[in-house]
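Chemist: just coords:
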């Protein structure tokens, strides 16, 4: 049986060790001028390679491949980790060197949005697994309890190629409350998203039958990993 790391839901068990595994994140979505993606990568690399990123935190630069709803963002700078590590990292995102980094990056890119969230249920991938791409499906959820139970049941009924999680938006989102996130180790895994046999097809159908009455699907976005700093 697949191991589910259940982090925080009123209907699900919660203890101190699981709380310590909780993942928080902040996404800075930016629109990069045509032909300037390489400049942005170099600026991000120069700054985040120059500081000691706290243990338990990481920074990822992702390129937006496609989105089901119109979105002018071309890249996402993602800060991921536990709350304490992200707080330490925020302190390091200051001073003259950070100000210079911001001045330079805003010459070729514009911030579109800043979003924050946290995981509720996690299904880990393999340790040390490289991430090729990621997908995020957003929902407005009216019954968190029912949605969480349905997700946990689905994940216990299918096989996944990488990390999968159910999470909650905590700031910056309008009309969206929860998301399902998955990452993939390669392009083949991304293309094979979804049910792989009749049993998994039935599990997905049961999931949607449960969640459709208590949630509204808001769209998805696919990103490709461009760089990691940790």
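Modeler: Arrived safely, thanks for sending. The shown structure was predicted, so the numbers you read here are calculated from the model rather than taken from an experiment.

Chemist: neighbours of residue 154, how many?
Modeler: A count of nearby residues for residue 154, using other C-beta atoms under 10 Å, gives 20. (C-beta placed from N, C-alpha, C; glycine too.)

Chemist: now it: how far from residue 180?
Modeler: The spacing between residue 154 and residue 180, counted by C-beta to C-beta, to the nearest Å, is 9 Å.

Chemist: before we move on, what about residue 134?
Modeler: Distance, residue 134 to residue 180, by C-beta to C-beta: 11 Å.

Chemist: and the longest helix seen in the chain, what's buried?
Modeler: Among the elements of type helix in the chain, defined by DSSP state H, the one spanning the most residues is helix 198-211. Using 16 or more other C-beta atoms under 10 Å as the test for burial, helix 198-211 gives 203, 207, 210-211.

Chemist: got a list of contacts for that helix?
Modeler: The contact list for helix 198-211, computed with C-beta atoms under 8 Å, 6 or more residues apart in numbering, reads 139, 141, 146-147, 149-151, 153-154, 157-159, 194-195.

Chemist: which two of those have the greatest separation?
Modeler: The distance between the two most remote of the contacts of helix 198-211 (C-beta to C-beta) is 25.1 Å, for 141 and 159.

Chemist: among those two, which residue is more densely surrounded?
Modeler: Remark: of residue 141 and residue 159, residue 141 carries more neighbours, 20 against 9, as counted by other C-beta under 10 Å.

Chemist: got a list of what the more buried one touches?
Modeler: Residue 141 neighbours (C-beta under 8 Å, 6+ apart): 147, 177-178, 211, 214-215.

Chemist: identify the bridge partners of it.
Modeler: residue 215 (DSSP bridges).

Chemist: need the pLDDT of it.
Modeler: On the pLDDT scale, residue 141 is placed at 97.

Chemist: ok, now residue 122?
Modeler: Reading off the confidence values, residue 122 has pLDDT 89.

Chemist: now for the helix or strand harbouring it, which elements pack on it?
Modeler: According to DSSP states H and E, residue 122 maps onto strand 109-123. Under the contact definition 3 or more C-beta pairs under 8 Å, 6 or more residues apart in numbering; DSSP states H and E, strand 109-123 sits against strand 5-6, strand 24-32, helix 144-155, strand 164-171.

Chemist: Serialize those to CSV and add fields for distance to residue 40 and mean pLDDT.
Modeler: Formatted as CSV, the entries for those read as follows, by distance: least, C-beta to C-beta, whole Å; pLDDT from 0 to 100:
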stretch, distance to residue 40, mean pLDDT
strand 5-6, 33, 46
strand 24-32, 5, 95
helix 144-155, 34, 95
strand 164-171, 24, 95
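
Chemist: closest to residue 50 out of the contacts of helix 198-211?
Modeler: residue 139 (38.5 Å).

Chemist: against residue 55, how distant is the residue nearest the centre of the chain?
Modeler: The residue at the geometric middle of the chain, judged as the C-alpha nearest the mean C-alpha position with C-alpha atoms, centre = their mean, is residue 181 (5.6 Å). Distance check for residue 181 against residue 55: by C-beta to C-beta, it reads 23 Å.

Chemist: try residue 180
Modeler: 28 Å.

Chemist: the two: which has the busier surroundings?
Modeler: The neighbour comparison of residue 180 against residue 55 (other C-beta under 10 Å) goes to residue 180, with 19 against 12.
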